[in-house]
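A.B. asks: would you be able to build a 3D model of this:
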Amino acid sequence: MTVFRTITAVLIWIAAFGSASAETWPQRYVRIIVPFSAGGAADVVTRIVAAHITENLGRNVVVENRTGSNGNIGTEAVARSEPDGYTFLAGSPGTLAINPHMFAKLPYNALTDFVAVSHVATFPQILAVSRKIPAANLSDFTAHLKARPKALNFGSSGIGSTGHLITAMFLHRAGLDAVHIPFRGGGPAAQALVAGDVDFVIDGLPTFQGFVGTDKVSIVAITSAKRSPNLPDVPAIGEMAVPGFDLSSWVVFAAPKGTPKNVADRFAAEVNKVLASDEVKNRLLEVGALPAGGSPEDAARFQRSELAKWKEVVEVSGAKME
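C.D. replies: Now for the predicted structure:
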């Protein structure tokens, strides 16, 4: 009986200590690991949000870039971190929805090793066409492409990248065909587009930021279900070419499995507070991101639906990684 009482007392003490720790969160700095290089879309959005959470909490929210293996190294680092509410992941389609279908083996499970915390933002992708192609709009472009199967090519930031997979799905759904030319990043692909070395590219707005409104490329469509407030005159692919087409990039903050729910709820509330700020909304729109927000439960539902959606996209593309 004495042993039983001792064990019970210890368990009660642990539960009380855990609850108190969660209620007083944060007591030190919080880190968000971005598993990609600095300057990318996920990194930029994470830094904007982290800076404002820092102001509100009075504790530093530090963004750490841990790159390698298509985002798998940084993602695994979060999965293996202590679930104490001080380490979060800036997840993306690549790490939480694409890699699980593209890699034969992963060092983490996208669903069971994490708890989704907040759907931060979505990034509609842009279909940009070389000026050498006589296409002023999406209808002209698809007609031009349809009349020349496999005669045109498209650039991307690499095999298995979001742009590559979205393009492959667009071509598949529209009954079109083109040759893929992968580059080492969206920037080089965009430069090749401007130079006329590739015929079209699908990538995020930041990749084409310096070319929008110029005569260097033609922006003919976006890949989200609805038009973007950034480019209200540019139609969605689903409006004209492929009904129901909706593929975008995004950022979801996640934490290691076992992170206290009240800490996840508190962090989600802080993200929501930041996203409600006009200053942050405008800053995100400037970089091509649409603020999202919501509860951890909303984020979990979103991630599960995206994981299922991208399975078909990966299969259509044929992209595989060892």
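A.B. asks: tell me which stretches of the stretch 101-250 of the chain form strands.
C.D. replies: 114-130, 153-156, 179-182, 200-204, 217-222, 248-256 (DSSP state E, counting those that start in this stretch).
A.B. asks: pick the most buried one from those strands.
C.D. replies: With neighbours taken as mean count of other CB atoms under 10 Å, the strands of the stretch 101-250 of the chain reach their highest mean count in strand 200-204, at a mean of 28. C-betas here are computed from N, CA, C, even on glycine.
A.B. asks: so, low pLDDT: which residues of the stretch 151-300 of the chain?
C.D. replies: For the stretch 151-300 of the chain, no stretch is flagged by pLDDT under 70.
A.B. asks: can we see that at 80?
C.D. replies: Residue ranges of the stretch 151-300 of the chain with pLDDT under 80: 209-210, 212-213.
A.B. asks: domains in this protein, by residue range?
C.D. replies: 2-123+249-317, 125-240 (automatic domain parsing).
A.B. asks: distance between the ends of the last one?
C.D. replies: Just to be clear, that refers to domain 125-240. By CA to CA, to the nearest Å, the extent of domain 125-240 from end to end equals 16 Å.
A.B. asks: go on, stretch 27-41?
C.D. replies: Termini of stretch 27-41 sit 29 Å apart (CA to CA).
A.B. asks: can you pull out the helices in the stretch 101-250 of the chain?
C.D. replies: Taking DSSP state H, counting those that start in this stretch as the criterion, the stretch 101-250 of the chain carries its helices at 138-146, 162-174, 186-195, 205-208, 237-240.
A.B. asks: turn those helices into CSV, including distance to V45.
C.D. replies: Formatted as CSV, the helices of the stretch 101-250 of the chain follow (distance: least, CB to CB, whole Å):
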stretch, distance to V45
helix 138-146, 27
helix 162-174, 14
helix 186-195, 15
helix 205-208, 10
helix 237-240, 23
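A.B. asks: now the strands of the stretch 101-250 of the chain as TSV including distance to T24?
C.D. replies: Below are the strands of the stretch 101-250 of the chain laid out as TSV (distance: least, CB to CB, whole Å):
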stretch	distance to T24
strand 114-130	18
strand 153-156	46
strand 179-182	48
strand 200-204	38
strand 217-222	44
strand 248-256	17
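A.B. asks: okay, now the unreliable bits of the stretch 1-150 of the chain?
C.D. replies: In the stretch 1-150 of the chain, residues with pLDDT under 80: 1-23.
A.B. asks: so the closest residue to P35 other than its chain neighbours, which of the three states?
C.D. replies: Distances taken as CB to CB, 6 or more residues apart in numbering place G74 nearest to P35, at 2.8 Å, with adjacent residues excluded. In three-state terms, and counting by DSSP: H, G, I helix; E, B strand; the rest coil, G74 is helix.
A.B. asks: ok, G74 - contacts?
C.D. replies: Contact partners of G74, counting by CB atoms under 8 Å, 6 or more residues apart in numbering, are I33, V34, P35, F36, N65, R66, T67, G68, L89, T95.
A.B. asks: same thing but at 6 Å, please
C.D. replies: Contact analysis of G74 by CB atoms under 6 Å, 6 or more residues apart in numbering lists I33, P35, R66.
A.B. asks: thought the last one was touching R31?
C.D. replies: So the one you mean is R66. No: using CB atoms under 6 Å, R66 is not in contact with R31; the gap is 10.0 Å.
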